[in-house]
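>>> Take a look and give me a structure for this.
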Amino acid sequence: MPYNEYIAIEGAIGVGKTTLARMLSQELNAALLQEVFEENPFLSDFYADRERYAFQTQIFFLISRYHQQSRVIPQTLARDRLVSDYLFDKDRLFAHLNLVNDELAMYERVHRILGEQIPAPDLVVYLRASTDVLMGRIALRDRPYERNMAREYIDGLRQAYEDFFSSYASAPVLTIDTNDLDFVRSREDRAYVIGLVRTALEKGAIQQALPQLKEQAPPTGIRILKGGRRRLGDFQRFHRALDQEKGFGSDLGMNFAGLTEEVGEVGREVKLSLIEAERLAAETGNYQEALEQAVAGRRALLAEEMADVLAYLLKIANYVGIDLEAAYVRKMGRNWQRDFEARFAKLNADADAANADADMFSDFSDYR
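Reported below is the predicted structural model:
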């Protein structure tokens, strides 16, 4: 069975999301999912008085988007590629612009529950544009409820999108600057953008499916288990589904104890590999070859124990509300910028100073 990709197009109001989604749907022979924002009965009132109608507007959008995506996405991906002109996760972006205090807290609780049921895209295409370009495109399409949009609101929205995608880690992101592109009228620009998307899709590696797949797994779990382009966040979502289906406990202490136990199992396999390497080296006289042979003999067991370690780590990250992939990317980004030679030199200098102090104390003790 072929793997069907799910592509979501995102960007601020007026950037051309729906236009590109339609083009990609035709070029990639994919189904099209469009946001039905015009059906929101609070939208016109919201643009006239954002503070008064923000909560009603956001909750309606959240429920509407959940009902649409939770139904359409799994059904469509079972048979076709899918291109959507919006991303479910972006709903929080608007909520944080428009809601505060108790209303925002209530929204977050509802979003957290519903978001777990929505499959993540294989690729997000983020269309970027300046505020001036966005205002020009909004004026050009002349939708009645957008005529009174303040420039400050659009500029804040544009910046919110930039901030959102600077730390977004749930799916690969292809960022395209559209300031100097006109993929509506220019055939060359259209071919350029579509080529970028095709290339981004081809870079994604297809991962193997889980054997003995149970078809009654939750929608998000089903897509992950069937194989495809997966990221660490997908595995965190799978463990939420697995814990719910199997009734696994979420006690933080017990799961941390399980993690340390599995780390110990990895240590045991490493220790046994080293003992076997010493024995083989005494026979062959080549320690490196002996080590490689010893590790090869225990590789299957090492793999199982390491998989258990990862499983517990993912579960604990879920229980404490950490996006493990985003945390890893941030931390490794800092590590990449560090000067480790200078750091090690400082550590050595500190160790030398500590040894010198210890020698002085030892000499003083001897003197007394």
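>>> need the strands for the stretch 151-300 of the chain, in chain order.
Along the stretch 151-300 of the chain, counting by DSSP state E, counting those that start in this stretch, strands occupy 173-177.
>>> in it, which ranges drop under the pLDDT threshold?
Along the stretch 151-300 of the chain, segments meeting pLDDT under 70 span 204-231.
>>> rerun that using 90 as the cut-off
For the stretch 151-300 of the chain, the stretches with pLDDT under 90 are 151, 153, 164-174, 182-185, 198-251, 283-285.
>>> which residues in it form helices?
Applying DSSP state H, counting those that start in this stretch to the stretch 151-300 of the chain gives helices spanning 151-166, 187-203, 219-225, 232-246, 252-284, 287-319.
>>> Pick the most deeply packed of those.
helix 219-225 (a mean of 22; mean count of other C-beta atoms under 10 Å). For the C-beta atoms, the positions are set from N, CA and C on the backbone; glycine is no exception.
>>> Quickly find the element holding the residue nearest to Gln117 when sequence neighbours are not counted.
Closest residue in space to Gln117, ignoring its immediate chain neighbours: Ser70 at 5.2 Å, by C-beta to C-beta, 6 or more residues apart in numbering. Ser70 is part of helix 50-77 when elements are defined by DSSP states H and E.
>>> Helix or strand: which one has the closest residue in space to Ile59 that isn't next to it in sequence?
With sequence-adjacent residues excluded and distances taken as C-beta to C-beta, 6+ apart, Ile59 is closest to Tyr107, at 6.8 Å. Secondary structure assigned from DSSP H and E places Tyr107 in helix 101-115.
>>> number of nearby residues for Tyr66?
A count of nearby residues for Tyr66, using other C-beta atoms under 10 Å, gives 19.
>>> where's it relative to Gln337, distance?
Distance, Tyr66 to Gln337, by C-beta to C-beta, to the nearest Å: 39 Å.
>>> repeat for Met135
Met135 is 37 Å from Gln337, where distance means C-beta to C-beta.
>>> Between those two, tell me which one has more neighbours.
Comparing Met135 with Gln337 by other C-beta under 10 Å, the one with more neighbours is Met135, at 19 against 7.
>>> residue contacts, the more buried one?
Contact partners of Met135, counting by C-beta atoms under 8 Å, 6 or more residues apart in numbering, are 14, 151, 154.
>>> Tell me which helix or strand it sits in.
helix 131-141.
>>> Could you list which residues are in contact with Arg52?
Arg52 touches Asp45, counting by C-beta under 8 Å, 6+ apart.
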